[in-house]
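> I need the structure of the sequence given here:
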Amino acid sequence: MKKLLITFAVLLLALFGCSNQSSNDSKDDQGNGNNNKSGDVKVMKVAVATAPDRSLTKALYEFEKIVEKETNGAIDVVVYPDGQLGGDLQVFEGLKMGSIEASTMSTGPIASFAPKMNIFDLPFLFKDTKTAHEILDGEIGQELLKELEGTGVIGINYWENGYRHLTNSVREVKTADDVKGLKIRTLENNLHIAIWEALGAVPTPMAYTELFTALEQKVVDGQENPVGNVISNKMYEVQKYLTKTGHVYNASPFLVSEAFWKKLTSEEQEIIKKAAEEAKVFQRNLNAEEDATAFDQLVKEGMVITELSEQERQTFVDAVQVVYDKYKADFGEDLVNRLIEAGQK
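Take a look at the predicted model:
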């Protein structure tokens, strides 16, 4: 009987080994590069809230290809889109604990753990995308990434979610006065809440993963997001009006769990940095392409798109100046002034 049990155990181990090999061979057939022969594979789970067809998610798949190729399969990158591993705050907690290895998310949620990162979400801060990129990739941007030290999360560089615009299902919004009384979903972030309070809306913070249902069930009247998210999440099915406010430019830092980072060799760390840089350029270009076609697509889907005149836009700018007054002390007046000056050059 004892010999029979031993034989059975050996058979099970053999079957398990074959199953593992079959799985690895299957991944190789799909071109994901798991050719590492040492057997010491490091799994890198990468979580993101955005849909698979969004530029941020596509760039993560590009990152996956680069890393697996450059490490010869020693790092196995697995992308989880669409909030499969939770909303941004849950994912950040996962990064801290080491249960999730990497992510990219807007600076708004990150600010819950590194408050100064909120500074990039000040309204109407950057005059255009090119200026935003220069600042984020430059001295100020790198200075702010250091704010993550001590959180258990490392900031590698800045990708982008893009400029946020307002949508709603109640009325066309042309001036700040038109916002008053609208129930607007916001990020789970006090600065974003303050922006919409200043505009007279009723801000309702909630996770992005809950947003579509909240719009569909009229829990909120509207929301504000980059146009790529409006399309990928099919918000046009439950929202009639979009106003091109561009009120906040959303940087989306690429983040790595410090616990995972420490398990990597110095060579692997350099590969991750290089891959994140290549994916950043890929993502920003893709995001620009999305923005170029998105509004026409939304018109075809039946949305009313409102372009603001300079005078109309100024009503929004004037209304949110109180947010600067409120947060200058938190961020440091010198840093805010440096950023304002750089952002408007």
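> List the buried residues for the helix or strand hosting residue 337?
Secondary structure assigned from DSSP states H and E places residue 337 in helix 333-344. For helix 333-344, a neighbour-count test (16 or more other C-beta atoms under 10 Å) marks 336, 339, 340, 342, 343 as buried. Yep, even glycine has a C-beta here, placed from its N, CA and C like the rest.
> pLDDT wise, what is the residue positioned nearest the centre of the chain at?
In the chain, the C-alpha nearest the mean C-alpha coordinate belongs to residue 105, at 2.6 Å (C-alpha atoms, centre = their mean). Looking at residue 105, its pLDDT stands at 96.
> What pLDDT is listed against the residue lying closest to it once chain neighbours are set aside?
Excluding its sequence neighbours, the residue lying closest to residue 105 (C-beta to C-beta, 6 or more residues apart in numbering) is residue 88, at 4.5 Å. For residue 88, the pLDDT comes out at 93.
> report the longest helix in the protein, please.
Criterion DSSP state H: the longest helix present in the chain is helix 266-300.
> Report all helices and strands that it contacts.
With contacts defined as 3 or more C-beta pairs under 8 Å, 6 or more residues apart in numbering; DSSP states H and E, helix 266-300 has these neighbours: helix 55-70, strand 75-80, strand 153-168, helix 227-232, strand 241-257, strand 304-306.
> Skipping its backbone neighbours, what lies nearest residue 63 in space?
Using C-beta to C-beta, 6+ apart, the closest residue to residue 63 is residue 279 (4.1 Å).
> Hmm, the one you found is touching residue 60, no?
Yes. Residue 279 lies in contact with residue 60 (C-beta atoms under 8 Å); the separation is 7.2 Å.
> what's near enough to touch residue 114?
Applying C-beta atoms under 8 Å, 6 or more residues apart in numbering to residue 114 gives the contacts 147, 148, 151.
> Poorly predicted segments of the chain, please.
1-39 (pLDDT under 70).
> other SSEs contacting the helix or strand containing residue 132?
Following DSSP H and E, the helix or strand that holds residue 132 is helix 129-137. Applying 3+ C-beta pairs under 8 Å, 6+ apart, one finds that helix 129-137 makes contact with strand 153-168, strand 241-257, helix 333-344.
> mind listing what's buried in it?
Buried residues in helix 129-137, counted by 16+ other C-beta under 10 Å: 129, 131, 132, 133, 135, 136.
> Specify the angle between the helix holding residue 337 and strand 241-257 in degrees.
Interaxial angle of helix 333-344 relative to strand 241-257 (axes from the mean of the first three to the mean of the last three C-alpha atoms, to 10 degrees): 120 degrees.
> In PDB, list the C-alpha atoms belonging to helix 333-344.
Listed next in PDB are the C-alpha coordinates belonging to helix 333-344 (Å, rounded to 0.1, in the frame of the first residue of the first chain):
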ATOM      1  CA  GLU A 333       4.200  79.100  -1.500                       C
ATOM      2  CA  ASP A 334       7.600  79.000  -3.100                       C
ATOM      3  CA  LEU A 335       7.000  75.700  -4.800                       C
ATOM      4  CA  VAL A 336       3.500  76.700  -6.000                       C
ATOM      5  CA  ASN A 337       4.900  80.000  -7.400                       C
ATOM      6  CA  ARG A 338       7.800  78.100  -9.200                       C
ATOM      7  CA  LEU A 339       5.300  75.700 -10.700                       C
ATOM      8  CA  ILE A 340       2.800  78.500 -11.800                       C
ATOM      9  CA  GLU A 341       5.600  80.400 -13.400                       C
ATOM     10  CA  ALA A 342       7.000  77.300 -15.300                       C
ATOM     11  CA  GLY A 343       3.500  76.200 -16.200                       C
ATOM     12  CA  GLN A 344       2.500  79.400 -17.900                       C
END
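> what helices or strands is it leaning on?
helix 129-137, helix 139-145, helix 321-331.
> and of these, who's closest to residue 258?
helix 139-145 (13.0 Å; C-beta to C-beta).
> Mind giving me the packing neighbours of that closest one?
Applying 3+ C-beta pairs under 8 Å, 6+ apart, one finds that helix 139-145 contacts strand 153-168, helix 333-344.
> Tabulate those in a markdown table, adding columns for distance to residue 140.
Shown next, in a markdown table, are the helices and strands packed on helix 139-145 (distance: least, C-beta to C-beta, whole Å):
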| stretch | distance to residue 140 |
| --- | --- |
| strand 153-168 | 11 |
| helix 333-344 | 6 |
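> Would you map the strands across the stretch 1-150 of the chain?
Assigned by DSSP state E, counting those that start in this stretch, the stretch 1-150 of the chain shows strands spanning 42-47, 75-80, 102-104.
> got those strands as a markdown table, with mean neighbour count columns?
Below are these laid out as a markdown table (neighbours: other C-beta atoms under 10 Å):
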| stretch | mean neighbour count |
| --- | --- |
| strand 42-47 | 21 |
| strand 75-80 | 20 |
| strand 102-104 | 29 |
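> out of those, nearest to residue 274?
Nearest of the strands of the stretch 1-150 of the chain (C-beta to C-beta): strand 75-80, 12.7 Å.
> Contacts for the closest one next, please.
Contacts of strand 75-80 (C-beta under 8 Å, 6+ apart): 27, 32, 34, 41-48, 57, 60-61, 63-64, 67-68, 264, 268, 271-272.
> again with stretch 309-323
With C-beta under 8 Å, 6+ apart, stretch 309-323 has contacts from 122-124, 174-177, 191, 194-195, 198-200, 245, 247, 308.
> buried residues in that stretch?
So for stretch 309-323, counting by 16+ other C-beta under 10 Å, buried means 312, 313, 315, 316, 319, 320, 323.
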